[in-house]
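Enquirer: After the sequence you'll find the predicted model.
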Amino acid sequence: MYNTWDYKIGDLIQVEKLGWAPEIGVVTLFRPQGEAVPRNYWEWVSAETGRTMFFHEIRAEMLAQDHKIKVLVRANNV
């Protein structure tokens, strides 16, 4: 399932951005919505390119179609 917005540090994810080939990577940082952060925000590192990228929570269904994130393997955080 795409865009569940419950990603955890260590999750193996697949990210699909409109017009780009899907990439697989690992979530490395989570910043919850708060005073200085207007929405939930995640950083991830691409397993293919090594680039650090980010995405943020998108609740609007139309906009969410442009950026799809899927958990492939859930992190076993204690």
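Expert: Happy to help now that I have it. Numbering: from 1, shown residues only.

Enquirer: Excluding chain neighbours, what is closest to Lys8?
Expert: Nearest residue to Lys8 in three dimensions, chain neighbours excluded: Ala75, at 4.8 Å (Cβ to Cβ, 6 or more residues apart in numbering). From N, CA and C alone the C-beta is placed, and that goes for glycine too.

Enquirer: Who are the contact partners of the closest residue to Val73 other than its chain neighbours?
Expert: Leaving aside its chain neighbours, Val73 sits nearest to Leu12 (4.0 Å; criterion: Cβ to Cβ, 6+ apart). By Cβ atoms under 8 Å, 6 or more residues apart in numbering, the residues touching Leu12 are Ile24, Gly25, Val26, Val71, Leu72, Val73, Ala75.

Enquirer: So which of the residues you listed are in strands?
Expert: Among the contacts of Leu12, the members falling in strands (DSSP state E) are Ile24, Gly25, Val26, Val71, Leu72, Val73.

Enquirer: Spell out the residue ranges of the helices in the chain.
Expert: Using DSSP state H, the helices found in the chain span residues 61-64.

Enquirer: what are the ranges of the strands in it?
Expert: Taking DSSP E to define them, one finds strands in the chain at 12-17, 23-31, 41-46, 52-56, 67-73.
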